[in-house]
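Participant: Sequence and computational prediction follow.
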Amino acid sequence: MGRNEPRRGSWIGQNVGNNEDDFQSSWGQPLGTLERFALFNQELSADVQIEGVIADGPTEATHLLLSQNFVVGREANVLSKVHDYFVQKGYRRIANAAYFHETSRILIRDAVPKNLKETREGEIVPVDLVLRKLKPNEPSPFNHE
């Protein structure tokens, strides 16, 4: 790592399957996992990167080795700041710890303090959120209003 490069934290992602049938666009499968991290990067500038793929354990389950920039800060435990962060990006709160963007049809879950950091400067930085783009045939969470 060069002197000016940001430090990166690494973690092992979820089991991503072992056979061709697993390679479909679904929530817990490889393509779904990659789609979620691509959305995370696109929507929230998270800079999650795939560092590799590893096989682990007696079943040689496949896992993604992921990294993202290390964020110096504390849990974003002021919920009004978390709420303002998402509202400024065009999201509406639809449930506790969940937001939805009507135009892009992106749903964000798990927006709890441990998954967002607040820097010393007061900036909110997402570190571990779950994003999903609703399909055209899926109803908006706002259709019931």
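Facilitator: Right, received. Where do you want to start? Residues are numbered from 1 along each chain as shown.
Participant: which phi and psi does the most centrally placed residue in the chain have?
Facilitator: Nearest residue to the geometric centre of the chain (C-alpha atoms, centre = their mean): Leu129, 3.7 Å. With angles defined as degrees, to the nearest 10, Leu129 sits at phi -110, psi 160.
Participant: ok, it - contacts?
Facilitator: 40, 44, 108-111, 115-116 (C-beta atoms under 8 Å, 6 or more residues apart in numbering). C-beta: built from backbone N, CA, C; applies to glycine.
Participant: go on, Asn115?
Facilitator: Asn115 touches 126-129, counting by C-beta under 8 Å, 6+ apart.
Participant: quick one: low-confidence ranges for the protein?
Facilitator: 1-30, 143-145 (pLDDT under 70).
Participant: And the strands in it?
Facilitator: Per DSSP state E, the chain carries strands over the ranges 8-15, 49-56, 61-69, 74-75, 92-95, 98-101, 106-109, 116-118, 124-126, 130-133.
Participant: export these to a markdown table and tack on mean neighbour count?
Facilitator: Output for the strands of the chain, formatted as a markdown table (neighbours: other C-beta atoms under 10 Å):
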| stretch | mean neighbour count |
| --- | --- |
| strand 8-15 | 14 |
| strand 49-56 | 12 |
| strand 61-69 | 17 |
| strand 74-75 | 12 |
| strand 92-95 | 13 |
| strand 98-101 | 20 |
| strand 106-109 | 20 |
| strand 116-118 | 21 |
| strand 124-126 | 20 |
| strand 130-133 | 18 |
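Participant: Is it possible to get CSV of those strands that adds distance to His83?
Facilitator: Shown next, in CSV, are those (distance: least, C-beta to C-beta, whole Å):
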stretch, distance to His83
strand 8-15, 26
strand 49-56, 29
strand 61-69, 23
strand 74-75, 15
strand 92-95, 6
strand 98-101, 9
strand 106-109, 12
strand 116-118, 11
strand 124-126, 10
strand 130-133, 17
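Participant: Can you tell me which of the contacts of Asn115 is nearest Ile50?
Facilitator: Asp128 (15.9 Å; C-beta to C-beta).
Participant: Please name the nearest non-neighbouring residue to that closest one.
Facilitator: Spatial nearest neighbour of Asp128, excluding adjacent residues (C-beta to C-beta, 6 or more residues apart in numbering): Asn115 at 4.3 Å.
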